[in-house]
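Student: Based on what follows, work out the 3D shape:
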Amino acid sequence: MLKRIALAGLLGAGLVMAGCAAPAPQAVADEAGFASPQDLLNDIYNQYADKPAGSGIDLGAPGVVDKYFAPELAQKITADSDRAKANNDIPALNGDPFVDSQDWQITDLAIAIGKSAEPDKTMAIVKFKNYAEQREIKLALVKTASGWQIAEIDWGYEKLSSVVAG
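Tutor: Here you go, the predicted structure:
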């Protein structure tokens, strides 16, 4: 079950933290997609937290990129992959963008979602340990025709859109 804790001052906005004491059942996107930012992030990170090393989301599986990423970013990720295949090369995005690593074992997951003045946009911060190393990832989330999706991932040193810009 997920616990919600009020967290004041993070990013200068009121946020809600969700720590995973035990993985919740995977949230299912309905035909309209993910109904809330929390549903989107729970669906993603419950596939990593406290799971065996290497668990997670396969971005190469059909429909996965379009499920999680807003159309503009999804197009860039797909173009990066297609470019690599055409050149018999590896894509610029050669790790898992959700955990910023090629190898992972995720523990101590916490998700904070910002309150936004814009009803169709918000920010989230995901904190976790990967093989005991503390990590923090910022995600820009948008509500699209397909529900809530990721518009950007910021790893603190680089952004996903920059990596897949081509």
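Student: centroid residue for this protein?
Tutor: Most central in the chain under C-alpha atoms, centre = their mean is residue 98, positioned 4.5 Å from the mean C-alpha point.
Student: Surely that one touches residue 57?
Tutor: Yes: with contacts counted by C-beta atoms under 8 Å, residue 98 reaches residue 57, the gap being 6.5 Å. All C-beta spots, glycine's among them, are computed from the backbone N, C-alpha and C.
Student: Please save the CA atoms from the longest strand belonging to the chain in PDB.
Tutor: Secondary structure of the chain per DSSP state E: the longest strand is strand 133-144. Listed next in PDB are the C-alpha coordinates belonging to strand 133-144 (Å, rounded to 0.1, in the frame of the first residue of the first chain):
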ATOM      1  CA  GLU A 133      23.100   5.000  -4.100                       C
ATOM      2  CA  GLN A 134      20.600   7.800  -3.600                       C
ATOM      3  CA  ARG A 135      19.000   9.100  -6.800                       C
ATOM      4  CA  GLU A 136      16.600  11.900  -7.600                       C
ATOM      5  CA  ILE A 137      14.800  12.400 -10.900                       C
ATOM      6  CA  LYS A 138      12.400  15.200 -11.800                       C
ATOM      7  CA  LEU A 139       9.600  14.600 -14.300                       C
ATOM      8  CA  ALA A 140       7.400  17.200 -16.100                       C
ATOM      9  CA  LEU A 141       4.000  15.700 -16.500                       C
ATOM     10  CA  VAL A 142       1.200  16.800 -18.800                       C
ATOM     11  CA  LYS A 143      -2.400  15.700 -19.400                       C
ATOM     12  CA  THR A 144      -2.800  14.800 -23.100                       C
END
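Student: Centre of the chain to it, how far?
Tutor: Here strand 133-144 is found 6 Å from its chain centre; the criterion is C-alpha atoms, centre = their mean, to the nearest Å.
Student: that older thread, phi, psi for the residue nearest to the centre of the chain please.
Tutor: Backbone torsions of residue 98, given as degrees, to the nearest 10, read phi -70, psi -30.
Student: still on that earlier bit, overlap in contacts of residue 98 and residue 57?
Tutor: Shared contacts of residue 98 and residue 57, defined by C-beta atoms under 8 Å, 6 or more residues apart in numbering, are found at residue 44.
Student: quick one: low-confidence parts of the chain?
Tutor: In the predicted model of the chain, residues 1-32 satisfy pLDDT under 70.
Student: On the three-state scheme, residue 80 is what?
Tutor: Following DSSP: H, G, I helix; E, B strand; the rest coil, we place residue 80 in the helix state.
Student: Give me the neighbour count for it.
Tutor: 18 (other C-beta atoms under 10 Å).
Student: Okay then, goodbye and thanks.
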